[in-house]
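Chemist: sequence unavailable; structure follows:
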């Protein structure tokens, strides 16, 4: 019985140590294509398609104070939605694939309200989502919030 107790105790300790070593951001499973989280140092609203490495590196330094993952900006761009520290609620951010509209490619994003029971006022901490997209050669790419977003009024 004591052996089983110690096995469970060791497994629990390994889990606690590994969980505490993970970064504060909640990374998606495939880090090469999508990142999202509820906490960043990006204080201001930043909704933009990042098209070059210099801006990408600057964003990661500003938002996370660490080096940016490698992205081949000859082949890709990154749709970025940062709600800043003034967000009125906690949202899940969904970024769609680009759709052609006239001379531009439109990447829509949607904010889905998270259901919370708060014991005090909500304090935003830099919610974000970023999605790597294939670079288009025949027109610029823009981000646009969908009409079905659940932004609080």
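Modeler: Nice, thanks for sending it over. Note that the structure is a prediction, hence the values are computed from the model and not measured. Numbers count the residues shown, from 1 in each chain.

Chemist: quick check, residue 59 in a helix?
Modeler: Yes - using DSSP: H, G, I helix; E, B strand; the rest coil, the assignment for residue 59 is a helix.

Chemist: off-centre distance for stretch 71-84?
Modeler: 11 Å (CA atoms, centre = their mean, to the nearest Å).

Chemist: ok, then the element right after the lowest-mean-pLDDT helix or strand in the chain?
Modeler: Using mean pLDDT, DSSP states H and E, helix 2-21 stands out as the lowest-scoring helix or strand of the chain, at a mean of 38. Counting by DSSP states H and E, the next helix or strand C-terminal to helix 2-21 is strand 34-37.

Chemist: name every strand pairing with whichever helix or strand comes after that following strand and say which way it goes.
Modeler: Later in the chain than strand 34-37, the nearest helix or strand by DSSP H and E is strand 46-50. Counting by DSSP bridges, the strands paired with strand 46-50 are strand 76-84 (antiparallel).

Chemist: buried residues in the partner strand, which are they?
Modeler: 77-84 (16 or more other CB atoms under 10 Å). Bear in mind the C-beta positions are built from the backbone N, C-alpha and C, glycine included.

Chemist: next one: stretch 82-102
Modeler: Neighbour count says stretch 82-102 has 82-85, 87, 89-91, 93-96, 98 buried, by 16+ other CB under 10 Å.

Chemist: what mean pLDDT does that stretch have?
Modeler: Mean per-residue pLDDT for stretch 82-102: 93.
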